[in-house]
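**Q** build me a model from this:
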Amino acid sequence: MDGQSFSNSPLPRDGTNSAHGSRLGPDSDSPDTVPLDDLDDGHFEWLVREMEAGRLLPSPEDMIVGIDPMLLSALCGPNELSGQVVADEAFEQGEAADTLRPGPLLAALTAQAVSRVASRPAALSDNELIGVLQAARRLANLAAYQQTVAIAEFARRRQTQFEAAKARGVPVGCRDGEFPAEELAMELVDTGAYTSARIDTAIELATRLPRTLTGMREGLIDLDRACTIASRTRAMTDIDAACADEVLAAAAPDLRPDQLARKAAALELKLAPEAVAARKKLARQLDQRVEARREESGNASLSGRELDTADVIASKAYIDAIAVKLRNAGLEGTVGHLRALAMTDLTQGRNPLDRIKPSPAPVSEGISPDNQSTVAPTADDYSPVPLPALINLLVPAGTLLGWGTAPAQAAGWGLLDAAETSALVRAAAQHPRTRWCMTIIAPDGTAVAHGCAQGAHPWPGNDPPPAKSPPGNAGNIQNSSQAAQLLDLLRRLKITLEPIARDTCDHRNAEDRYVPSRKLKHLIHARTQTCAAPACNAQAVYCDLDHTSPYPDGPTDQCNLNPKCRRHHRTKQAPGWKVAQPTPDTATWTTPSGRTHRTGPTVHDR
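**A** Predicted structure coming up:
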């Protein structure tokens, strides 16, 4: 968004909000209306563009045209909708409500029909029920249009502020309007990347894609399809974008999202091949990475992103060849499973073909070892290689010691079940860089104390036998045996716990220095494990530890330190933004729009 030009924006510059359905013309009652004969050429051209783009809503009189008379009669009775029920048949295919444009009338009819379904599930036929579903879909598309218009105007205002500050010579990072995506993310409770994309899409739709925007307003094109079209036209010239808008807006209502994406990509390659090649090259230079993420099932994925196509094809062929060898050697599992096995082996420094080397079977009584058969290792015979674990692996004591089932957490990964936790603890314990820390959690799920062991502490080869606990025990201490196990763990690790400041601060951990010590960093990270900005999920271990009140006026202490990702650290320092820390474990953010948001300490899932 930074530096995005709005010079070609057809949005009104005089504060007129087209989303309000302003009417310009000699018959308007608005005191600001100018007769058409008196409009200057520039204003008249803008009016024509807005009408053609569908951003000037029709008058109520125009909206009545085309509505079924019986439907209109039901709506305009003495008590309107509250006293008269519109016939359910109106939602059958091709009937009045099924073809009605999205707006207040359709919203009222749909709400009435849904209410009837909720109270009497069999009230509507299948045909009518699908008609209600389609009506709700058209209304959702209209809502997406309204959001798009609002976002485009919001972006225009921030861009105007940004350009004015830039023209005054204000340095980068100190300009008004410089962080619109971060401001919008706090309102939509989403990521900065998502809101930045929404801003770019809104600008593209409002300035260069009038037919797609009209399709949204008419309820024919949803937000996902509109985003697809906008992303593929962004690199085109205005003329090519207009051509693509005409083609794709007409096709979008009848194509699945994946079909529309292919059509839009093909059109982009045809109309802007140089731009596509430049975008691919830039993405390879700036965005190549290995990405690990959590699957919806609870498992995980590992992938290379923005790689060269030829490299990906060659790597995939190599993994395929290894998988075929494993399958032919008798390893169990699908080809897909064996492919994944080969990839994880290769990325952990193991040779996947070692899995097919025969190994001696256990010696049976009375049989000579020379006569023993050999067996090949199965796909599950290997454990993860040793890995260093710092504060990013959070394991409930009950789960660690075997008498609880509360999920563990790995920073950036989410929840781990008991089996995953056991495998990771064993792997981490084998690495010399692993450090053991313990955080005490209050009943409300927030951290109250934290401490770390000095040096490496290998985990015993055999896990302690699990103590019997009541069914459904999540890991809370239930008896003296479990408490003894926990105390023994603390003694073996030689951990001294330090209280975490919450509502008040006694400044016992205050330091006369700008950069906090490792101990103080750990206390802050144990309390707040992500960036303290609203809707941000950046891991605290990768964030800046920021003084809410600048040092040395503000102390280096728990009550004045919070983790902030680099982006939100810069955002906090920009004009119009205010951040306060009313208690050690809370933060309040006030945006340039004057809206306030509060964040608190991390609440652990229990």
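**Q** export the helix or strand encompassing L338 as CSV, just CAs?
**A** Assigned by DSSP states H and E, L338 belongs to helix 335-347. Extracted in CSV, the C-alpha atoms of helix 335-347 (Å, rounded to 0.1, in the frame of the first residue of the first chain):
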residue,chain,number,x,y,z
VAL,A,335,3.1,-43.8,-2.9
GLY,A,336,2.1,-40.4,-1.4
HIS,A,337,3.1,-41.6,2.0
LEU,A,338,6.5,-42.9,0.7
ARG,A,339,7.1,-39.6,-1.1
ALA,A,340,6.6,-37.7,2.1
LEU,A,341,8.9,-40.2,3.9
ALA,A,342,11.7,-39.6,1.3
MET,A,343,11.4,-35.9,1.7
THR,A,344,11.5,-35.8,5.5
ASP,A,345,14.5,-38.2,5.4
LEU,A,346,16.4,-36.0,2.9
THR,A,347,15.7,-32.8,4.8
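**Q** and it, what does it pack onto?
**A** strand 300-305, helix 309-328 (3 or more CB pairs under 8 Å, 6 or more residues apart in numbering; DSSP states H and E). Glycine gets a C-beta too; all of them are placed from N, C-alpha and C.
**Q** R513 is nearest to which of the ones you listed?
**A** Ranking these by proximity to R513 (CB to CB) places strand 300-305 first, at 38.9 Å.
**Q** coming back round to it: R168 is nearest to which of the helices and strands packed on helix 335-347?
**A** Taking those one by one with CB to CB, strand 300-305 is closest: 39.1 Å.
**Q** pairing partners for the closest one, with directions?
**A** strand 289-294 (antiparallel) (DSSP bridges).
**Q** quick one: mean pLDDT over the partner strand.
**A** Strand 289-294 comes out with an average pLDDT of 90.
**Q** quick revisit: what's the most buried one of the helices and strands packed on helix 335-347?
**A** Compared across these, helix 309-328 shows the largest average neighbour count, a mean of 14 (mean count of other CB atoms under 10 Å).
**Q** report the mean per-residue pLDDT for it.
**A** 90.
**Q** quick one: it to helix 335-347, angle?
**A** 110 degrees (axes from the mean of the first three to the mean of the last three CA atoms, to 10 degrees).
**Q** can I get helix 309-328 in PDB, CA atoms only?
**A** C-alpha atoms of helix 309-328 as PDB (Å, rounded to 0.1, in the frame of the first residue of the first chain):
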ATOM      1  CA  THR A 309       9.300 -24.400 -12.000                       C
ATOM      2  CA  ALA A 310      12.100 -26.500 -13.500                       C
ATOM      3  CA  ASP A 311      13.700 -27.000 -10.100                       C
ATOM      4  CA  VAL A 312      10.400 -28.100  -8.600                       C
ATOM      5  CA  ILE A 313       9.700 -30.600 -11.400                       C
ATOM      6  CA  ALA A 314      13.200 -32.000 -11.100                       C
ATOM      7  CA  SER A 315      13.000 -32.300  -7.300                       C
ATOM      8  CA  LYS A 316       9.500 -33.900  -7.500                       C
ATOM      9  CA  ALA A 317      10.800 -36.500 -10.100                       C
ATOM     10  CA  TYR A 318      13.700 -37.400  -7.800                       C
ATOM     11  CA  ILE A 319      11.400 -37.900  -4.800                       C
ATOM     12  CA  ASP A 320       9.100 -39.900  -7.000                       C
ATOM     13  CA  ALA A 321      11.900 -42.200  -8.000                       C
ATOM     14  CA  ILE A 322      12.900 -42.800  -4.400                       C
ATOM     15  CA  ALA A 323       9.300 -43.500  -3.400                       C
ATOM     16  CA  VAL A 324       9.100 -46.100  -6.200                       C
ATOM     17  CA  LYS A 325      12.200 -47.900  -4.900                       C
ATOM     18  CA  LEU A 326      10.800 -47.900  -1.400                       C
ATOM     19  CA  ARG A 327       7.500 -49.300  -2.600                       C
ATOM     20  CA  ASN A 328       9.300 -52.000  -4.800                       C
END
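**Q** name the helices or strands packed onto that helix?
**A** helix 335-347.
**Q** in stretch 563-573, what's buried?
**A** P563, K564, C565, R567, H568, H569, R570, T571, K572 (16 or more other CB atoms under 10 Å).
**Q** and the contacts of it?
**A** Outside stretch 563-573, the residues within contact range by CB atoms under 8 Å, 6 or more residues apart in numbering are 173-174, 179, 182, 192, 524-525, 528, 530-533, 536, 538, 540, 542-546, 577, 579, 589.
**Q** from the residues you listed, which land in strands?
**A** D544, L545, D546, V579, W589 (DSSP state E).
**Q** buried ones among these?
**A** Here, 16+ other CB under 10 Å leaves L545, D546, V579, W589 buried among those.
**Q** closest one of those residues to L209?
**A** Nearest member of those to L209, counting by CB to CB, is W589, at 33.3 Å.
**Q** and stretch 430-444, C-alpha only, in CSV?
**A** Extracted in CSV, the C-alpha atoms of stretch 430-444 (Å, rounded to 0.1, in the frame of the first residue of the first chain):
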residue,chain,number,x,y,z
GLN,A,430,19.3,-35.1,22.7
HIS,A,431,20.5,-31.7,21.5
PRO,A,432,23.2,-29.8,23.5
ARG,A,433,21.6,-26.4,22.8
THR,A,434,18.3,-27.3,24.3
ARG,A,435,17.4,-25.3,27.5
TRP,A,436,14.6,-26.3,29.9
CYS,A,437,12.3,-23.6,31.2
MET,A,438,9.1,-23.8,33.3
THR,A,439,6.1,-21.5,33.3
ILE,A,440,3.5,-21.8,36.0
ILE,A,441,0.0,-21.2,34.7
ALA,A,442,-2.9,-19.7,36.7
PRO,A,443,-6.4,-21.2,36.5
ASP,A,444,-7.4,-18.6,33.9
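**Q** return the set of buried residues in it.
**A** Here stretch 430-444 shows Q430, T434, R435, W436, C437, M438, T439, I441 as buried, counting by 16+ other CB under 10 Å.
**Q** looking at those residues, which are in strands?
**A** C437, M438, T439, I441.
**Q** how about JSON lines for these, with pLDDT and distance to L497 added?
**A** As requested, those are arranged in JSON lines below (pLDDT from 0 to 100; distance: CB to CB, whole Å):
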{"residue": "C437", "pLDDT": "80", "distance to L497": "10"}
{"residue": "M438", "pLDDT": "81", "distance to L497": "7"}
{"residue": "T439", "pLDDT": "84", "distance to L497": "9"}
{"residue": "I441", "pLDDT": "81", "distance to L497": "12"}
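**Q** and the residues you listed, which is closest to H450?
**A** Taking those together and measuring to H450 by CB to CB, the closest member is T439, at 4.7 Å.
**Q** what residue is smack in the middle of the chain?
**A** Nearest residue to the geometric centre of the chain (CA atoms, centre = their mean): T191, 5.2 Å.
**Q** what number of residues lie near A342?
**A** 24 (other CB atoms under 10 Å).
**Q** going forward, count from 29.
**A** Okay, residue one is now 29; in that scheme the one you just asked about reads as A370.
**Q** let me see the contact set for it.
**A** Per CB under 8 Å, 6+ apart, neighbours of A370: I347, I350, A351, L354, P380.
**Q** the helix or strand that L134 is a member of - contacts with which helices or strands?
**A** Using DSSP H and E, the element containing L134 is helix 132-147. If you count contacts as 3+ CB pairs under 8 Å, 6+ apart, helix 132-147 packs onto helix 97-103, helix 108-111, helix 154-195.
**Q** where does the residue nearest to E539 when sequence neighbours are not counted fall, phi/psi-wise?
**A** Leaving aside its chain neighbours, E539 sits nearest to T584 (4.6 Å; criterion: CB to CB, 6 or more residues apart in numbering). Reported as degrees, to the nearest 10, the phi and psi values for T584 are phi -90, psi 90.
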